[in-house]
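Next come a sequence and a model predicted from it.
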Amino acid sequence: MSGHSKWASIKHKKAAVDAKRGKVFTKIIREITVAAKMGGGDPNTNPRLRTAIESAKTANMPADNIDRAVKKGSGGLEGVSYEEIFYEGYGPGGAAVYVQCLSDNKNRTSSEIRSVFSKRNGNMAGAGSVAWLFEKKGLIAIDVNIIKEDQLMEIVLNAGAEDLSNTGEKYEIITDPHNFETVKKALDDAKVKYELATLQMLPKNLAPVSSDQARQIAALIEALDDHDDVQNVYTNCDFPHDVLKELQQ
């Protein structure tokens, strides 16, 4: 599974830029609301809500905004009701694209997401077409310069991590979703700083594409990310090194 943190890190940097425009706040508030609605308003017993609140704090969202979103989701305040929807499709070169949305109007969102795929040389597909290519995992990325690999391996494997790989620049730790918080706590207790810690739908295998196709897929993902209803976009595209370098600039 090595290499997943590269694209995730690019998206993370983009999110930091988007935060200045309030776009990230909108997406996080929706996630908090839906998480509270589905699993209750107590983050201690609702892992999805706990992760969403951590994302909000990382984005420097005011505490009042977080509290209102939790209350709205758990029924304490009136608000719009969001539905979680997944869309599946293919980008140039046949790479799979898996889109998570939170929408208050499924028909509108479906039409608009289909339009984005079409305009960016992609194709929507039916339910189940690409979902099987992904699995939910915890992904944690750590700079290789801050700790030795054998020391890190002892910490994370003892905490229940599934895998640790070295990409040359980053350590990538993969966890089962149920062990994600435990592994994070073990790193926190050991004072090991991580650059990225998130639950994601990770591809089981990567699909090789040309550099031109990878650039088109990156443009498709960015266009999808820019849609207000889109929370996350996942792909199994194996981005060539030259394209990743361009995207990081």
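Arrived safely.

And the chain, split by domain according to the record?
4-73, 83-132+206-248, 133-203 (automatic domain parsing).

Those domains into JSON lines, with extra columns for mean pLDDT?
Formatted as JSON lines, those follow (pLDDT from 0 to 100):
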{"stretch": "domain 4-73", "mean pLDDT": "81"}
{"stretch": "domain 83-132+206-248", "mean pLDDT": "93"}
{"stretch": "domain 133-203", "mean pLDDT": "92"}
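
doesn't L187 make contact with I155?
Yes. I155 is in contact with L187 according to Cβ atoms under 8 Å; the separation is 6.6 Å. C-betas here are computed from N, CA, C, even on glycine.

So for these two, which residue has more residues nearby?
More crowded of I155 and L187, by other Cβ atoms under 10 Å: L187, with 22 against 18.

Which strand or helix spans the more buried one?
Assigning secondary structure by DSSP states H and E places L187 in helix 180-189.

Not counting its own residues, what contacts that helix?
The set of residues external to helix 180-189 that reach it, using Cβ atoms under 8 Å, 6 or more residues apart in numbering, is 47, 50, 138, 140, 142, 155-156, 158-161, 173, 175, 194, 197, 199.

let's see 10 Å
47, 50-51, 54, 136-140, 142, 147, 152, 154-162, 173-176, 179, 192-194, 197-199 (Cβ atoms under 10 Å, 6 or more residues apart in numbering).

so where do the strands sit in this protein?
For the chain, applying DSSP state E gives strands covering 83-90, 96-103, 123-125, 134-143, 163-166, 170-175, 196-203, 207-208, 230-235, 237-238.

Let me have those strands in CSV, extended by mean neighbour count and distance to F117.
As requested, the strands of the chain are arranged in CSV below (neighbours: other Cβ atoms under 10 Å; distance: least, Cβ to Cβ, whole Å):
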stretch, mean neighbour count, distance to F117
strand 83-90, 18, 5
strand 96-103, 22, 8
strand 123-125, 16, 5
strand 134-143, 19, 17
strand 163-166, 15, 32
strand 170-175, 23, 29
strand 196-203, 19, 18
strand 207-208, 16, 17
strand 230-235, 22, 11
strand 237-238, 22, 15
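
and R68, which of those is closest to it?
Among the strands of the chain, the nearest to R68 by Cβ to Cβ is strand 96-103 (16.4 Å).

what's the angle between that closest one and strand 230-235?
170 degrees (axes from the mean of the first three to the mean of the last three Cα atoms, to 10 degrees).

what helices or strands is strand 96-103 leaning on?
On a contact count with 3 or more Cβ pairs under 10 Å, 6 or more residues apart in numbering; DSSP states H and E, strand 96-103 meets helix 23-39, strand 83-90, helix 106-119, strand 123-125, strand 196-203, helix 211-225, strand 230-235.

Parallel or antiparallel, list what pairs with that strand.
Next to strand 96-103 in the sheet, as set by DSSP bridges, lie strand 83-90 (antiparallel), strand 230-235 (antiparallel).

Redo those strands as a markdown table? Include distance to V183.
Converted to a markdown table, the strands paired with strand 96-103 look like this (distance: least, Cβ to Cβ, whole Å):
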| stretch | distance to V183 |
| --- | --- |
| strand 83-90 | 25 |
| strand 230-235 | 21 |
